[in-house]
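Undergrad: Below are the sequence and a predicted model for it; my questions follow.
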Amino acid sequence: MEWWDELEASLSAKLDDFLRAHPDVAAGMEQDTLAEQETQTRQLLQQLRRETQTLEQKILTTGEQIRLWHERLKLAERSGRRDLVEAAKVRQGILMTQGNQYWAELTVTKKRIQQLETLLTQIQSKREHVQKKPASAPSQSTSDSVDNEFKTMELELEFEKLKREMGRP
């Protein structure tokens, strides 16, 4: 595979040279990449918001079930039915555990939504910056260029990390 790595490195270097020589093409590619990232981020946000609604509904339903079994537990205690008291306690405990799991999932989902909203804001800001940048502008200083490259890389890495956490390809 050594020849493959060499070919890949050579092609990558040629692409970099071409993009440096044609900043308008580089800006267009960056714009396309950012647009795709924005679209994917919006889709993930929609999915997470639907999951949030589903989890909230499950929590409400579970809460109603807990109340029902709590009433049944009190009824069994008043009736002196120890067998039903124990069964109601077990059922109520199972529902409490299930409700706690839903709550934990909801908390994680809301945190992911916040992270994605922050990422979306960063992507939009970067995209606006790229759109405003004149295509025929004189070359940026090396420091600015490197800084922008790192910002782009950091955004891409953060986006990929969030996708992995969400179990998306």
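TA: Noted; the coordinates are in hand. Numbers count the residues shown, from 1 in each chain.
Undergrad: Can you show me the helices along this structure?
TA: Assigned by DSSP state H, the chain shows helices spanning 2-21, 23-79, 82-132, 142-165.
Undergrad: Could you list the buried residues of the last one?
TA: So the one you mean is helix 142-165. By neighbour count on 16 or more other Cβ atoms under 10 Å, the buried set for helix 142-165 is Asn148, Leu155, Glu158, Phe159, Leu162, Lys163. Every residue, glycine included, has its C-beta placed from N, CA and C.
Undergrad: farthest-separated two in the residues you listed?
TA: Put simply, by Cβ to Cβ the two of these set farthest apart are Asn148 and Lys163, 22.7 Å from each other.
Undergrad: can you tell me the average pLDDT over stretch 21-33?
TA: Averaging pLDDT along stretch 21-33 yields 85.
Undergrad: buried stuff in that stretch?
TA: Pro23, Ala26, Ala27, Glu30, Thr33.
Undergrad: What count of nearby residues applies to the closest residue to the fourth one other than its chain neighbours?
TA: Once its chain neighbours are removed from consideration, Glu30 has its nearest residue in Val130; the separation is 5.3 Å (Cβ to Cβ, 6 or more residues apart in numbering). The tally of other residues near Val130 (other Cβ atoms under 10 Å) stands at 19.
Undergrad: what sits against Val130?
TA: With contact set as Cβ atoms under 8 Å, 6 or more residues apart in numbering, Val130 has these partners: Ala27, Glu30, Gln31, Leu34.
Undergrad: next one: Gln31
TA: With contacts defined as Cβ under 8 Å, 6+ apart, Gln31 is in contact with Arg127, Val130, Gln131.
Undergrad: which among the buried residues of helix 142-165 gets closest to Gln57?
TA: If you rank the buried residues of helix 142-165 by distance to Gln57 using Cβ to Cβ, Leu162 comes first, at 24.8 Å.
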